[in-house]
Every structure is written in C-alpha cells, then in structure tokens.
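Enquirer: 3D, please:
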Amino acid sequence: MKFHWPSFLLGCGAGAASVLFARQMRPVLLELATAAYQLSDTIWARATMLQEDFEDVLAEAKTRARPPRKASAARPRARA
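Expert: Here you go, the predicted model:
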C-alpha cells in the first residue's frame, strides 16, 4: 500500500482544526440544537392537537350512528 502524503496532511489539518475551533463552534451547535428541540416540541404539540380533534370527530360520529337506548328497555331496575 502506497502512503499518500497529501491525504495524511489533510487529515492532520482537519483534526487540528476541529480541536482549535471546537470551543468557538459550541455556542453555534447549542443554538442549532435548541432550535431543533423547539421545532420538535412544536410539531409534537400540533400532532397531539390534531389527534384529539380527530378523536372528537370519531366520537361524535359514533354518537350519531348509535342513537341512545332508553333506560327502561335496556334493563329493569330493582326497587330497594
């Protein structure tokens, strides 16, 4: 296997640059992660609201499809 000096030097430079710029990139990465979490929370909240709305529609449709039974016809109650 032939050793390729430009690739080796490029790798060393990239490693050194990541060590040197890590402290300066931390606030940027922190802001990006914060924005991602806020976006994720917003999406989950919206999805939950839509799911609740859909469940309400289904419950209303079920109520319309099945008319209420009369209590006397369903089961006679015993007097105490």
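Enquirer: okay, CA-based contacts and neighbour counts for the rest of this
Expert: Fine.
Enquirer: Determine the number of other residues adjacent to Lys62.
Expert: 11 (other CA atoms under 10 Å).
Enquirer: That one sits in which helix or strand?
Expert: helix 5-65 (DSSP states H and E).
Enquirer: What of Pro68?
Expert: Per DSSP H and E: nothing holds Pro68, as it lies in no helix or strand.
Enquirer: From Ala14, how far out is it?
Expert: Distance of Pro68 to Ala14, computed by CA to CA, to the nearest Å: 73 Å.
Enquirer: okay, those two: which has more neighbours?
Expert: Ala14 (12 against 8).
Enquirer: In contact with the more buried one: list those residues for me.
Expert: By CA atoms under 8 Å, 6 or more residues apart in numbering, Ala14 lies in contact with nothing.
Enquirer: From Ser7, how far out is it?
Expert: Ala14 is 10 Å from Ser7, by CA to CA.
Enquirer: cool, and Gln51?
Expert: Where Ser7 is concerned, Gln51 sits at a distance of 53 Å (CA to CA).
Enquirer: cool, Asp41 as well?
Expert: 42 Å.
Enquirer: looking at the chain, which helix or strand is least sure?
Expert: helix 71-74 (a mean of 60; mean pLDDT, DSSP states H and E).
Enquirer: about what we covered before: centre of the chain versus the helix holding Lys62, how much separation?
Expert: Centre-to-centre, helix 5-65 and its host chain are 9 Å apart (CA atoms, centre = their mean, to the nearest Å).
Enquirer: tell me the mean pLDDT over that helix?
Expert: What helix 5-65 shows for mean pLDDT is 94.
Enquirer: what about Glu55, how many residues close to it?
Expert: 12.
Enquirer: ignore the last one, Thr48
Expert: Thr48 has 12 nearby residues by other CA under 10 Å.
Enquirer: repeat for Gly13
Expert: When neighbours are counted by other CA under 10 Å, Gly13 comes out with 12.
Enquirer: And the one 5 residues further on, by the same measure?
Expert: Burial measure for Ser18: 13 neighbouring residues, criterion other CA under 10 Å.
Enquirer: All set, thanks.
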